[in-house]
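**Student:** Please find the sequence and the predicted model below.
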Amino acid sequence: MSEKKLALIATKGTLDWAYPPFILASTAAAIGYEVQIFFTFYGLQLLKKDMNLKVSPLGNPGMPMPMGMDKWFPTIGTAIPGMEAMMSSMMKSKMKSKGVASVAELRDLCQEADVKLIACQMTVDLFDMQPSEFIDGIDYAGAATFFEFAGESDVNLFI
């Protein structure tokens, strides 16, 4: 029997959207899948050496708010200056208190498990990003490279 394959596309670069691709990829690799993650547009933030990820409750109505704020605090209030930083800090603190690995730790785990991390070359060029901004050990390729692997994959996910 051939090895199962998982192909992921990561398009988001916020703290809350950083976890799914790395958790799914590291888990799949741990159970024997060959895994590739194709990072495009804002997902490229997850490959940067300096990840300053934030979570924004604005436009994310499903986000549970502390102190029952989702029941009494208007959504527009989350646009108040400083709210994003406060919510990001609270989310990081919550994750740490529950023993959840950091995004950087999960990313390292993926690399240790031979998950192939691919930066979309077109997006890198579009946003004038430099290879020096990114972690070592990643590949740069276009959509055709993703499709070549995804076409043979058992599972394809867009995150």
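**Tutor:** Yep, it's here.

**Student:** and A30, how many neighbours?
**Tutor:** 11 (other C-beta atoms under 10 Å). Bear in mind the C-beta positions are built from the backbone N, C-alpha and C, glycine included.

**Student:** Touching, it and V115? I think so.
**Tutor:** No - A30 lies out of contact with V115 (C-beta atoms under 8 Å); the separation is 10.1 Å.

**Student:** burial count for the closest residue to K96 other than its chain neighbours?
**Tutor:** Distance criterion C-beta to C-beta, 6 or more residues apart in numbering; nearest residue to K96, sequence neighbours excluded, is S102 at 7.7 Å. Using other C-beta under 10 Å, S102 has 17 other residues around it.

**Student:** Tell me which stretches of this structure form strands.
**Tutor:** Assigned by DSSP state E, the strands in the chain fall at 5-10, 34-39, 116-120, 139-141, 155-158.

**Student:** For my notes, please list the ones you listed in CSV and give distance to K49 for each entry.
**Tutor:** Converted to CSV, these look like this (distance: least, C-beta to C-beta, whole Å):
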stretch, distance to K49
strand 5-10, 17
strand 34-39, 14
strand 116-120, 13
strand 139-141, 15
strand 155-158, 26
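
**Student:** Take these and write them to JSON lines, including mean neighbour count and distance to A18.
**Tutor:** Formatted as JSON lines, the strands of the chain follow (neighbours: other C-beta atoms under 10 Å; distance: least, C-beta to C-beta, whole Å):
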{"stretch": "strand 5-10", "mean neighbour count": "24", "distance to A18": "8"}
{"stretch": "strand 34-39", "mean neighbour count": "24", "distance to A18": "11"}
{"stretch": "strand 116-120", "mean neighbour count": "23", "distance to A18": "13"}
{"stretch": "strand 139-141", "mean neighbour count": "15", "distance to A18": "19"}
{"stretch": "strand 155-158", "mean neighbour count": "14", "distance to A18": "15"}
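
**Student:** right, so of those, which gets closest to Q45?
**Tutor:** Nearest to Q45 among the strands of the chain is strand 34-39; the distance by C-beta to C-beta comes to 8.5 Å.
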